[in-house]
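**Q** Turn this into a model:
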Amino acid sequence: MPHALAIRGGTAGVERGAPEAARPNLWLSRLTLTAFRSYAHLEVALDPRPVVLTGVNGAGKTNLLEALSLLAPGRGLRRAKLTELARLGSAEGWAVAADLMTPEGPRQVGTGRDPEQPAGATERRVLRLDGRGERSQARLAELLDVVWLTPQMDGLWREGSSERRRFLDRLVYGFDPAHAGRVQGYETALRERARLLTEGRGDPAWLAALEGEMAERAVAIAAARRELVARLAAACATAEGPFPRAGLALSGDAEAWLEEGSALAVEDRLKEAWRQGRGRDAETGGAAVGPHRSDLRATHLAKAMPAELCSTGEQKALLVSVVLAHARLVQLARGRSGLLLLDEVAAHLDAGRREALYETLLGLGAQAWLTGTDSELFTALGERAQHFHVAEGALTRHG
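**A** Residues are numbered from 1 along each chain as shown. Okay, the predicted model is just below:
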């Protein structure tokens with residue numbers, strides 16, 4: 001089926017036939033960036049195939065992936081402040097817009113920073129879906145599942161638990177879009193409780209009401225994480241191919257208590273723990289129990305070795321294995337693919353694993369976005385992918 005490829009911002013248009021095999025049923029047909037990072041303006045029309053972006057370090061490849069990551073709830077793959085995303089020297093508010101082809105038909109999504117936002121106001125992204133303003137980022141998860149791997153995540157298994165929780169929550173969004181709103185609401189209430197306690201203005205009745213709200217969300221968060229980890233662990237344990245099989249386990253108070261009792265009983269245990277811990281939490285500015293302290297751990301099953309003790313290459317391969325298993329589960333559960341953003345992944349894999357990765361992505365029917373400095377690493381994809389060179393705020397078609 002023919003398609004038109006048109007790129008504005010320094011490149012020519014190309015007409016080319018796209019392979020019909022493994023066509024995604026959810027994919028970006030157009031991406032537009034305005035005053036975002038290194039891009040003054042970029043508009044690119046796409047077909048369903050995987051997208052390969054090559055160029056020298058600093059060319060703007062990761063900036064493109066970061067823009068795509070903002071089509072999901074949260075702060076994107078760099079967790080940057082909204083003011084940091086604007087093009088240097090630009091007085092405009094930055095914007096990212098995309099046209100999506102979905103099983104239900106075409107959709108439009110846009111996000112950015114409001115240039116008229118008052119100074120000193122809390123940073124908040126502006127969201128638009130199909131031309132209408134939206135307040136909740138959870139609406140993004142309902143429309144599109146976005147998961148990414150970056151070089152900064154290479155230490156995921158051996159560093160602090162906060163990044164693993166964020167990684168896990170992004171995976172949960174693919175099955176439970178409402179999870180994003182629950183996490184955001186819980187974290188907001190947790191910060192409000194900490195503020196009241198540290199300022200010594202914690203009225204017991206108000207704190208009890210706030211902790212009740214937290215407990216309800218906490219149990220829902222813990223339950224969603226437990227369900228996803230159980231399904232993902234089963235998928236990883238039976239996966240075949242050159243990537244190592246990963247064992248996954250979730251630890252945390254709320255998660256463990258759900259093994260022992262009902263959701264209401266766990267809510268009561270959390271509320272009692274928070275009530276008794278108010279004095280300590282007033283000094284520490286946090287809370288000793290809750291899903292904000294949960295952790296995801298992985299094991300290299302063939303070696304029976306914790307992931308944090310494996311080599312750097314094995315840790316990377318385990319992470320790829322988990323992401324691919326998740327993509328397969330999302331396809332089965334929701335009947336549609338998501339976006340996979342793989343920054344510099346191919347450079348860390350041997351030739352056999354690179355080819356296996358490409359074949360898996362094509363078999364998934366996912367519009368994966370891959371970046372690298374060496375275009376030769378992607379030769380095996382050939383015309384089964386669309387290849388672009390990135391330089392100076394523009395995209396040029398390879399070939």
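
**Q** hey, what's the closest residue to G112 other than its chain neighbours bridged with?
**A** Closest residue to G112 apart from its sequence neighbours, by CB to CB, 6 or more residues apart in numbering: A95 at 3.6 Å. Every residue, glycine included, has its C-beta placed from N, CA and C. For A95, the beta-bridge assignment (DSSP bridges) gives partners T34, G112.

**Q** A95 reaches R37, doesn't it?
**A** No - using CB atoms under 8 Å, A95 is not in contact with R37; the gap is 11.9 Å.

**Q** Return the backbone torsion pair for the nearest residue to V345 once chain neighbours are set aside.
**A** Counting by CB to CB, 6+ apart, V345 lies nearest to L149, which is 5.7 Å off, once chain neighbours are set aside. Main-chain dihedrals, L149, degrees, to the nearest 10: phi -130, psi 130.

**Q** State the distance from L149 to R182.
**A** 25 Å (CB to CB, to the nearest Å).

**Q** now swap in N25 and tell me
**A** In terms of CB to CB, N25 sits 27 Å off from R182.

**Q** Give the residue from those two that has the larger number of neighbours.
**A** R182 (21 against 15; other CB atoms under 10 Å).

**Q** Which strands or helices does the helix or strand hosting the more buried one pack on?
**A** Using DSSP states H and E, R182 sits within helix 178-198. Packed against helix 178-198, as judged by 3 or more CB pairs under 8 Å, 6 or more residues apart in numbering; DSSP states H and E, are the following elements: helix 138-143, helix 161-173, helix 204-237, helix 278-284.

**Q** now those helices as JSON lines including distance to L71 and mean neighbour count?
**A** Formatted as JSON lines, the helices and strands packed on helix 178-198 follow (distance: least, CB to CB, whole Å; neighbours: other CB atoms under 10 Å):
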{"stretch": "helix 138-143", "distance to L71": "6", "mean neighbour count": "19"}
{"stretch": "helix 161-173", "distance to L71": "12", "mean neighbour count": "20"}
{"stretch": "helix 204-237", "distance to L71": "21", "mean neighbour count": "19"}
{"stretch": "helix 278-284", "distance to L71": "36", "mean neighbour count": "13"}
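
**Q** Indicate which one of those helices is closest to L377.
**A** Nearest to L377, of all the helices and strands packed on helix 178-198, is helix 161-173, at 24.6 Å by CB to CB.

**Q** what separates the closest one from the chain centre, distance-wise?
**A** How far helix 161-173 lies from its chain's middle: 8 Å, per CA atoms, centre = their mean, to the nearest Å.

**Q** who touches the residue nearest to G202 when sequence neighbours are not counted in this structure?
**A** Excluding the flanking residues, the one nearest G202 by CB to CB, 6+ apart is L196, at 4.3 Å. L196 makes contacts with 202-203, 206-207, 210, as judged by CB atoms under 8 Å, 6 or more residues apart in numbering.

**Q** Which secondary structure state does the residue nearest the centre of the chain sit in?
**A** Geometric centre of the chain, nearest residue: V147, 3.8 Å, by CA atoms, centre = their mean. Following DSSP: H, G, I helix; E, B strand; the rest coil, we place V147 in the strand state.

**Q** partner residues bridging it?
**A** Beta-bridge partners for V147, by DSSP bridges, are L340.

**Q** Could you report the separation of the closest residue to G313 other than its chain neighbours from R193?
**A** Spatial nearest neighbour of G313, excluding adjacent residues (CB to CB, 6+ apart): H348 at 6.6 Å. Separation of H348 from R193 (CB to CB): 42 Å.

**Q** Between those two, tell me which one has more neighbours.
**A** Set H348 next to R193 and count neighbours by other CB under 10 Å: R193 wins out with 23 against 16.

**Q** Pretty sure the more buried one sits against L210.
**A** Yes - counting by CB under 8 Å, R193 touches L210, with 5.4 Å between them.

**Q** if you skip the residues just before and after it, what's nearest to R164?
**A** Once flanking residues are discounted, R164 sits nearest to L296: 4.4 Å by CB to CB, 6+ apart.

**Q** same deal with V330?
**A** Nearest one to V330, counting by CB to CB, 6+ apart, is G174 at 4.3 Å.
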